[in-house]
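Q: With the sequence up front, the predicted model follows.
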Amino acid sequence: MTQFDWLTVGEALAAIGVTWLVGHYFVRWLFAKLVPRLGRWSLLANLVQALRGPAQWFVFASGWYLALYALHAPRFVFILGNRMVATIMMLSFGYALYQLMPHFMHLVDRAGNRLDVKVDNLVGPFLTHIGQACMVVLIFFIILSIWGINLSGLFAGVGLAGLAVSMAAQDQIRNLLGGFIIITERPFSIGDKIQSPSVFGIVEDITFRSTRLRTLDGTLLVVPNATLANEPITDISRVKIPRANVTFTLASDTTQPELDQLFKKMMAFLKQNWRFDDTKMAYQIMVTGLTVQGVAIQVIAPMSDRGADDFFGSTTDLNIALLDLIEELGIKLAAYPAIADK
């Protein structure tokens, strides 16, 4: 190899090395100095911070371009390099925007507060996840176009496979629609304590697929949106007078004196228990109907403030007390017929 060739290689390596040092150290130092100065404008500071990665990749790409130019690389290498750099830059910008999506939603919420337009705190997280998903899809198609992939042919292929995909993704589609139902009807908000036939807990987040709840023992529940959208939901946080509502069925041979004695003892239990309070609403113990299985009973017990703070514990105490009283009085619960195994 001639001296000139070694000099060319040295120039290429020097271009890569210098731009790497500039991108890794100088750009990082510059952004570290700039971001604290923008502390008063949180969105602008987050935007600048998110752009640090794309700025570094731009400097690195410049070094590779200079190296290829110094080496007199063939045209196809420049074309390949252009596509690779464009792909890396697009991924970097896409990731920056993906991270900024929650901050944009926070800005929308602040603007709504200034304009006296209330934005439900359930909408923000849901739209954030939807926006992030749309961003991923958009970046994916832009990268395909960078590499010259025929999008019309791709869409035609997607159309042919659409039926198979829709069949495989039925649950995900139901969850997405369930999320939109929850957002539009707003049966609860972030931070609310809710109860349904299948879940009980405090709502922490909602995505386009599921809703996250924290139970009273700290367990994280991830519930599909389709499940919550199709179930009756009690938002305990919105109930003006929190109450325990217990229903059970006694055996059909239960007598009137046994019912009177049970009602009397249940009323005494509610009046003596600190978890319950009838100052704002009277206790209700009633026969709601006669069924094939027996006598249907309903107990509605308004709670005290302390009892409402431990809603699940108060309801559990009431159920246990009812079972103890029924056993003490020798009353039988209704026996439901067993389902024979097929």
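A: Received the coordinates, thanks.
Q: domains in the protein, as residue ranges please.
A: Following automatic domain parsing, one gets these domains for the chain: 3-149, 181-237, 241-328.
Q: how about JSON lines for these, with mean pLDDT and mean neighbour count added?
A: Placement of C-beta: from N, CA and C, glycine included. Below are the domains of the chain laid out as JSON lines (pLDDT from 0 to 100; neighbours: other CB atoms under 10 Å):
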{"stretch": "domain 3-149", "mean pLDDT": "78", "mean neighbour count": "15"}
{"stretch": "domain 181-237", "mean pLDDT": "84", "mean neighbour count": "17"}
{"stretch": "domain 241-328", "mean pLDDT": "88", "mean neighbour count": "16"}
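Q: starting at the chain centroid, how far to the host helix or strand of Ile130?
A: Element membership for Ile130 (DSSP states H and E) is helix 123-146. For helix 123-146, the gap between its own C-alpha mean and the chain's C-alpha mean amounts to 16 Å (CA atoms, centre = their mean, to the nearest Å).
Q: contacting residues around that helix?
A: With contact meaning CB atoms under 8 Å, 6 or more residues apart in numbering, helix 123-146 is reached by 83, 86-87, 90-91, 94, 97-98, 101-102, 104-106, 108-109, 151, 154, 179, 182-183, 190, 205-208.
Q: closest one to Ala335 among the domains of the chain?
A: domain 241-328 (7.1 Å; CB to CB).
Q: Who are the packing partners of the helix or strand containing Ala12?
A: Using DSSP H and E, Ala12 falls within helix 3-21. Counting contacts by 3 or more CB pairs under 8 Å, 6 or more residues apart in numbering; DSSP states H and E, helix 3-21 is packed against helix 52-70.
Q: Using PDB, list the CA coordinates for the helix it packs on.
A: What follows is helix 52-70, C-alpha atoms only, in PDB (Å, rounded to 0.1, in the frame of the first residue of the first chain):
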ATOM      1  CA  ARG A  52     -29.500  14.800  23.000                       C
ATOM      2  CA  GLY A  53     -29.500  11.300  21.500                       C
ATOM      3  CA  PRO A  54     -30.400  12.400  17.900                       C
ATOM      4  CA  ALA A  55     -27.800  15.200  18.200                       C
ATOM      5  CA  GLN A  56     -25.100  12.600  19.100                       C
ATOM      6  CA  TRP A  57     -26.100  10.300  16.300                       C
ATOM      7  CA  PHE A  58     -26.000  13.200  13.800                       C
ATOM      8  CA  VAL A  59     -22.400  13.900  14.900                       C
ATOM      9  CA  PHE A  60     -21.400  10.200  14.700                       C
ATOM     10  CA  ALA A  61     -23.000  10.000  11.200                       C
ATOM     11  CA  SER A  62     -21.100  13.000  10.000                       C
ATOM     12  CA  GLY A  63     -17.800  11.300  11.000                       C
ATOM     13  CA  TRP A  64     -18.800   8.200   8.900                       C
ATOM     14  CA  TYR A  65     -19.700  10.400   6.000                       C
ATOM     15  CA  LEU A  66     -16.300  12.100   6.100                       C
ATOM     16  CA  ALA A  67     -14.600   8.800   6.400                       C
ATOM     17  CA  LEU A  68     -16.400   7.400   3.300                       C
ATOM     18  CA  TYR A  69     -15.600  10.600   1.400                       C
ATOM     19  CA  ALA A  70     -11.900  10.300   2.300                       C
END
